[in-house]
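**Student:** give me a model of this one.
(one chain, ligands or ions: 1)
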Amino acid sequence: MTVAVVQFGGSNCDRDTVRALADLGIDAERVWHEDGLPSDPDGIVLPGGFSYGDYLRAGAMAAHSPVMESVRAAAAEGVPVLGICNGAQIGCEGGLTPGAFTTNESARFQCEHVHCRVENGDTPWTQAYDEGEIITLPIAHGEGRYEIGDDRLATLESEDRVLFRYCTPDGEVTPEANPNGSKHSVAGVIGDAGDHVAVMMPHPERATLEVLGQTEGRGVLQAFSH
Ligand SMILES: NC(=O)CC[C@H](N)C(=O)O
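**Tutor:** All right, here's what the predicted structure looks like:
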């Protein structure tokens, strides 16, 4: 079982992600994007960071790396793909998932812990949780505001493709609990190829080790061991 963690120029969460996966007993390796994917990966992570300095729009340049062609092909064949933070931005810019991540409403970089409500507990990424469960995860982004056209969001919601929403500690979805102004407080969505493809702005890999004081992200990464 080898998960390819794709590193672009400016990625900075690739090592953490490999480490977090290893702690869950999942074999993972960092792959430089120019070297392409290993043959038959068991999973793919687009990790967090600041690929190409977030120029143009975060993720927009990495999305044009030739490796993304292979990532889309793997996704179409059923390989699990998870984009985390900058990886989520790359996933949207690269057409794996609908919508885009834009500048936070605050126009500031935000680094904090947030509460997320599990909206669909019946996906590989959320099956470790109960539907409606509230988990705490870290965020660290300047461009995390999820934006999508009203019609497409309505379709996503009707297809149960919202994975997580930002919420209060009690699970209420309110404007105050929405750290970046994301539309309908969306924190993660399922891709077009099926629920084995997902992107999320919070960092599950930063909440997997006891030593870091938080382990509620483990369930997301456990998807790669199913
Ligand atoms: N933690 C990250 O992946 C950084 C996210 C991103 N490049 C931003 O600031 O929006």
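**Student:** can you map out the strands along the protein?
**Tutor:** Ranges of strands within the chain are 2-7, 27-32, 43-46, 81-84, 100-102, 110-118, 134-141, 145-147, 162-167, 186-191, 194-200, based on DSSP state E.
**Student:** wait, which of those is closest to the ligand?
**Tutor:** strand 134-141 (3.6 Å; Cβ to the nearest ligand atom). Yep, even glycine has a C-beta here, placed from its N, CA and C like the rest.
**Student:** distance of Glu157 relative to Ala187?
**Tutor:** 14 Å (Cβ to Cβ, to the nearest Å).
**Student:** likewise for Gly99?
**Tutor:** For Gly99, the distance to Ala187 - Cβ to Cβ - is 12 Å.
**Student:** now Asn120
**Tutor:** 12 Å.
**Student:** neighbour count: the two, which is higher?
**Tutor:** Neighbour count, other Cβ atoms under 10 Å: between Asn120 and Ala187, Ala187 has more, with 28 against 20.
**Student:** wait, doesn't that one sit right on Asn180?
**Tutor:** No - the criterion here is Cβ atoms under 8 Å, and Ala187 misses it with Asn180 at 9.1 Å.
**Student:** show me whatever sits in contact with both of these two.
**Tutor:** 146, 201 (Cβ atoms under 8 Å, 6 or more residues apart in numbering).
**Student:** show me what contacts Gln112?
**Tutor:** Let me fix one detail, which is that residue 112 is Glu and not Gln. 138-139, 179.
**Student:** between those residues, which is nearest Gly213?
**Tutor:** Closest to Gly213 out of the contacts of Glu112 is Pro138 (10.3 Å), distances taken as Cβ to Cβ.
**Student:** now do that closest one, the pLDDT please.
**Tutor:** Per-residue pLDDT puts Pro138 at 97.
**Student:** list the contacts of it.
**Tutor:** 111-114, 202-203, 206-207, 214.
**Student:** please repeat the previous calculation with a cut-off of 6 Å.
**Tutor:** Contact analysis of Pro138 by Cβ atoms under 6 Å, 6 or more residues apart in numbering lists 113, 203, 206.
**Student:** scan those and report the most crowded one.
**Tutor:** Neighbour counts for the contacts of Pro138, by other Cβ under 10 Å, peak at His203, which reaches 24 neighbours.
**Student:** can you tell me which residues contact it?
**Tutor:** Counted by Cβ under 6 Å, 6+ apart, His203 has contacts 84-85, 138.
**Student:** kindly recompute the last result at 8 Å.
**Tutor:** 13, 48, 84-85, 137-140, 217.
**Student:** what residues are shared contacts of Gly99 and Ala187?
**Tutor:** With Cβ under 8 Å, 6+ apart, Gly99 and Ala187 have common neighbours Tyr146.
**Student:** can you pull out the low-pLDDT segments for the chain?
**Tutor:** 1 (pLDDT under 70).
**Student:** repeat that for 90
**Tutor:** 1, 209-213, 225-226 (pLDDT under 90).
**Student:** quick one: Trp84 and Gly48 touch, right?
**Tutor:** Actually, residue 84 is Ile rather than Trp. Yes - assessed by Cβ under 8 Å, Ile84 is found in contact with Gly48 at 5.1 Å.
**Student:** shared neighbours, these two?
**Tutor:** Joint contacts of Ile84 and Gly48 (Cβ under 8 Å, 6+ apart) are 13, 17, 203, 205.
**Student:** hmm, back to that, neighbour count for Ile84 and Gly48, which is higher?
**Tutor:** A count of neighbours by other Cβ under 10 Å puts Ile84 above the other of Ile84 and Gly48, at 31 against 26.
**Student:** many thanks, have a good one.
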